[in-house]
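**Q** Here is my input, please return the structure:
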Amino acid sequence: MNNKYFLLPLLLAALFFSGCRKTDYVVLDNPAYLRVFNCLEFTTNLDNKDAPQPFLTFLVDPVMDDAGVPVSAAITGDFLERRSDWARPYPDAASNVLWQKEYPGTKRVLAAPIVNGYDLSSWAQVPSGKHHIVFRTRPLNNVPYFELDKMERGVTLIDTTIDLSAGEVYTMHALIKEYTSQQPFMYLRKETFPKQPFADSMVYVNFYNLSAANFYTKAPDAVPNEDLSNTKLSDTMNVYYSLNKLAANGAPVALPGYKGIPVGQIIYSLEPKVTPYYSFPLFADTSSNKIFTGNMSQQFGFYAPGFTPENLGYPAFIPVGVYAAVIMGDYGESGRNAYLPFKIKCDLRTGLVVSIHSGTNNPRSFATVNTVEYINRRMYVTTIQRKFAPPVY
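**A** Predicted coordinates for the structure are as follows:
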């Protein structure tokens, strides 16, 4: 115990002077590693018009009073709003925001360490074993959950139990289980990327369709004030990728040999199973210096069976569910359109490739592991990065 108190000032000093992490690298005994996203976005209808907004508090092993209201918890993830389009590979140390796009987000926690070379500081250490998990609604204000009056501590949207294995990496989502009922549920996926033999010279990505059951058949094909109909994925679609650089006119143009490459499928499923990873070269542009890739973007097209980049036709005139696409990185200044209905910047210069000051190189490009998740007409990307050498000034 005395050793822990002796080390605490040293850890705090290291955090203060580093200025680039919100991470506490104290280690629990046999921890698991957990990252939590609020993916709820209720579709308002006559049946649920009075439902509470999905601004959440995430609780692990809560203690309830006789009325079923939480009075404390072993772990609290408060002020949890809907997730960002891009989940960064490491937390924003400079941020002191109260409302969080994920747990742990910028919250000061016992963060996961480097695991098999991967920076998991966006995951929190949690005790392994069985836990009671609760997601509660909360008011849209800045009062911490357990300082709220009990009458304001919301209602329970999700109440379940989980069993976490020591040393494993988990991603948890609050999702909608079925489109008509809008009933939330918890989705927990045990990740495999730390154990897979991935090469430093390749960028990896996998795909999930985690939409609510019956979303494709029952959700409207068109959205009010939205002229893009191709934001709706059917349950099974083939995936093709292109690697692009900007042309002189500011439009993305595919690199030679990297246009419309087939890489598998995106399939609707709420089963928490890891889908296959696909890869492309870190330095696909042969004109790069092999240190920085140069500004670029990655484009993933989703095609219904029977359609390909060659026979698609103009996307604005094809049926709903036949085509959609997402592009990441330096894709120019143009807005969303029928060809590219989803646009997510990720790394501003290089998309799914992280380019950062490392050693004497500013920037240096690094391969990553990425997950693309389609959820009820929204596209989300999570990027994981390997440990890199700190900058030399």
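
**Q** just how off-centre is stretch 274-294 within its chain?
**A** Averaging C-alpha positions (Cα atoms, centre = their mean, to the nearest Å) puts stretch 274-294 21 Å from its chain's average.

**Q** mind listing what's buried in it?
**A** Within stretch 274-294, the residues that count as buried by 16 or more other Cβ atoms under 10 Å are T275, Y277, Y278, F280, L282, F283, A284, D285, F292, T293, G294. (Each C-beta comes from the backbone N, C-alpha and C, glycine too.)

**Q** ok, residues contacting it?
**A** By Cβ atoms under 8 Å, 6 or more residues apart in numbering, the residues outside stretch 274-294 that reach it are 189-193, 196, 198-208, 239, 241, 243, 245, 255, 257-258, 261, 263-264, 267, 296, 298, 350, 353, 355, 361, 363-367, 369.

**Q** which residue packs closest to M237, ignoring adjacent ones?
**A** Leaving aside its chain neighbours, M237 sits nearest to F302 (4.2 Å; criterion: Cβ to Cβ, 6 or more residues apart in numbering).

**Q** Any of the contacts of stretch 274-294 buried? List them.
**A** Buried among the contacts of stretch 274-294 by 16+ other Cβ under 10 Å: 189, 191, 193, 198, 203-208, 239, 241, 243, 245, 258, 263-264, 296, 298, 350, 353, 355, 361, 363-367, 369.

**Q** Which ones among those residues map onto strands?
**A** In this view, the buried ones among the contacts of stretch 274-294 that belong to strands under DSSP state E are 189, 203-208, 239, 241, 243, 245, 263-264, 298, 355, 361, 363-366, 369.

**Q** can you pull the buried residues of stretch 334-350?
**A** A338, Y339, L340, P341, F342, K343, I344, K345, C346, D347, R349, T350.

**Q** residues in contact with the fifth one?
**A** Residues counted as contacts of F342 (Cβ under 8 Å, 6+ apart) are T231, A324, A325, V326, I327, R336, M379.

**Q** give me that answer again for 7 Å
**A** Taking Cβ atoms under 7 Å, 6 or more residues apart in numbering as the contact definition, F342 lies against A324, A325, V326, M379.

**Q** Same check on the last one?
**A** The neighbourhood of T350, defined by Cβ under 7 Å, 6+ apart, consists of T293, N295, M296, G329, S365.

**Q** With the third one instead?
**A** By Cβ under 7 Å, 6+ apart, L340 lies in contact with A325, I327.

**Q** Renumber starting at 50 from here on
**A** With 50 as the first residue, the last one maps to L389.

**Q** tell me the phi and psi of it?
**A** Backbone torsions of L389, given as degrees, to the nearest 10, read phi -130, psi 80.

**Q** Just checking the distance from stretch 202-209 to the centre of its chain.
**A** 23 Å.

**Q** ugh, typo on my part, it should be stretch 249-259
**A** With Cα atoms, centre = their mean as the basis, stretch 249-259 stands 12 Å off its chain's centre.

**Q** same deal with stretch 187-195?
**A** Offset of stretch 187-195 from its chain centre (Cα atoms, centre = their mean): 24 Å.

**Q** Could you tell me the end-to-end distance of it?
**A** Stretch 187-195 stretches 10 Å from its first residue to its last (Cα to Cα, to the nearest Å).

**Q** which outside residues touch that stretch?
**A** With contact meaning Cβ under 7 Å, 6+ apart, stretch 187-195 is reached by Q102, F104, L105, T106, S121, T125, D127, L147, L197, E201, R202, G203.

**Q** buried sites along it?
**A** Residues of stretch 187-195 classed as buried by neighbour count (16+ other Cβ under 10 Å): R187, Y194, F195.

**Q** now swap in stretch 163-171 and tell me
**A** Within stretch 163-171, the residues scored as buried using 16+ other Cβ under 10 Å are V164, Y167, D168, L169, S170, S171.

**Q** Max pairwise distance over the residues you listed: which two?
**A** Pairwise distances across those (Cβ to Cβ) peak at 11.9 Å, for the pair V164 and S171.

**Q** Where in the protein is the helix or strand with the lowest mean pLDDT?
**A** Across the helices and strands of the chain, mean confidence by mean pLDDT, DSSP states H and E is lowest for helix 51-67: a mean of 40.

**Q** Let me know the closest of the buried residues of stretch 187-195 to D78.
**A** F195 (26.1 Å).

**Q** Which of the three states applies to the closest one?
**A** helix (DSSP: H, G, I helix; E, B strand; the rest coil).

**Q** Mind pulling the model confidence for it?
**A** Predicted confidence (pLDDT) for F195: 98.

**Q** Then the one 4 residues further on?
**A** As predicted, K199 sits at a pLDDT of 97.

**Q** show me what contacts it?
**A** Here K199 is in contact with V118 (Cβ under 7 Å, 6+ apart).

**Q** One more pass at 8 Å, please.
**A** Contact analysis of K199 by Cβ under 8 Å, 6+ apart lists D114, A116, V118.

**Q** Is the residue nearest to V204 when sequence neighbours are not counted bridged to anything, and to what?
**A** Distances taken as Cβ to Cβ, 6+ apart put T186 closest to V204, at 5.5 Å, once the chain neighbours are dropped. Beta-bridge partners for T186, by DSSP bridges, are L105.

**Q** For T186, report the pLDDT, please.
**A** pLDDT recorded at T186 is 97.

**Q** can you pull the contacts of it?
**A** By Cβ under 8 Å, 6+ apart, the residues touching T186 are P101, Q102, P103, F104, L105, T106, G203, V204, L206.

**Q** which residues sit in contact with the fourth one?
**A** The one in question is F104. Contacts for F104 (Cβ under 8 Å, 6+ apart) come out as F128, L129, E130, T186, R187, P188, L189.

**Q** try the last one
**A** Taking Cβ under 8 Å, 6+ apart as the criterion, L206 is in contact with L89, P103, L105, F184, R185, T186, A223, P233.

**Q** Can you pick out the most distant pair from these?
**A** L89 and R185 (12.3 Å).

**Q** shared neighbours of the two, anything?
**A** Joint contacts of L89 and R185 (Cβ under 8 Å, 6+ apart) are L105, L206.
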